[in-house]
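Undergrad: Here is a sequence together with a model predicted from it:
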Amino acid sequence: MSTITIKSPREIELMRVSGKITAAARSIGREMVTPGVTTQEIDKEIYKFIKRSGAEPSFLGYGGFPGSACISVNDEVIHGIPGKRLIREGDIVSIDVGAFIGGFHGDCCGTFAAGKISEEARRLIEVTRQSFFEGLKFAREGYRVSDISHAIQDYVESFGYTLVREYVGHGIGKNLHEAPEVPNFGEPGHGPRLVRGMTLAIEPMVNMGGAAVRVLDNDWTVVTADGSLSAHYENTVLITDGEPEILTMAEDL
């Protein structure tokens, strides 16, 4: 990865716009997660909304990815390709979206329940979401990147879950992936020091079973090696001179 880019006040305003569209696209995906809907149908609506908003889907064509959203079901960790798969009662579905407008990207994800899910699955989703907010406490000027990482790991592992290690959060801005990497594990006090104007995509990926993952034959979709459930939660975050600002926070999430 290249040098960390610090965003100017004008660039931050542009990122607020892309972030708002991205968050709204995730909300559309969340509302569509119901039994009987295909992942392709969700992707189509997300695409239409992003385009209608004057933006471009960040993921569509990125490295050859064929969808506007990554839609990952149950044991799929990330990079699920939208298709004819029917969502079933009890599934958990991760909707990962990005929107590009005004020269800047937003990126966010959430894992949502299809109908009635098990209590174990519900707890996994809740812990994954909350682990983001545990990390967010350290997304402040003066801390280091690994302070965020450690807080996420400490919280997740206290529930007996594991964190995916091969894939991490990242800086974001004019490019979808920028420096620095933001792991979801590690000892505190390491990595770049956080300064105002940095924008980070913080994204814990949490497995109910073991941490090991593998990539399917489509060369995209990452699944848990043991077939256990996985959840994912992500927002684009701005480092300020005070409380961090979530640029992709929808009111319903």
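TA: Looks like it arrived, so ask away.
Undergrad: Put the alpha carbons of stretch 72-89 into CSV.
TA: C-alpha atoms of stretch 72-89 as CSV (Å, rounded to 0.1, in the frame of the first residue of the first chain):
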residue,chain,number,x,y,z
SER,A,72,-22.4,-13.5,1.5
VAL,A,73,-24.6,-16.1,3.1
ASN,A,74,-24.1,-18.1,6.3
ASP,A,75,-20.5,-19.6,6.1
GLU,A,76,-19.5,-17.1,3.4
VAL,A,77,-17.2,-14.5,5.0
ILE,A,78,-16.8,-12.0,2.2
HIS,A,79,-17.0,-11.5,-1.6
GLY,A,80,-20.1,-13.5,-2.1
ILE,A,81,-21.1,-13.1,-5.8
PRO,A,82,-24.8,-12.2,-6.3
GLY,A,83,-26.7,-14.8,-8.3
LYS,A,84,-29.7,-17.2,-8.4
ARG,A,85,-29.2,-18.4,-4.8
LEU,A,86,-32.4,-18.1,-2.9
ILE,A,87,-32.3,-16.7,0.6
ARG,A,88,-33.9,-19.1,3.1
GLU,A,89,-35.5,-18.8,6.5
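Undergrad: how about that stretch: buried residues?
TA: Buried residues in stretch 72-89, counting neighbours by 16 or more other Cβ atoms under 10 Å, are found at 72-82, 85, 87. (Each C-beta comes from the backbone N, C-alpha and C, glycine too.)
Undergrad: Likewise for stretch 201-219?
TA: 201-209, 211, 213.
Undergrad: List just the nearest of the residues you listed to E119.
TA: Nearest to E119 among the buried residues of stretch 201-219 is M208, at 12.1 Å by Cβ to Cβ.
Undergrad: Next one, pLDDT for the closest one please.
TA: pLDDT for M208: 98.
Undergrad: Equivalent analysis for M205, please.
TA: For M205, the model assigns a pLDDT of 98.
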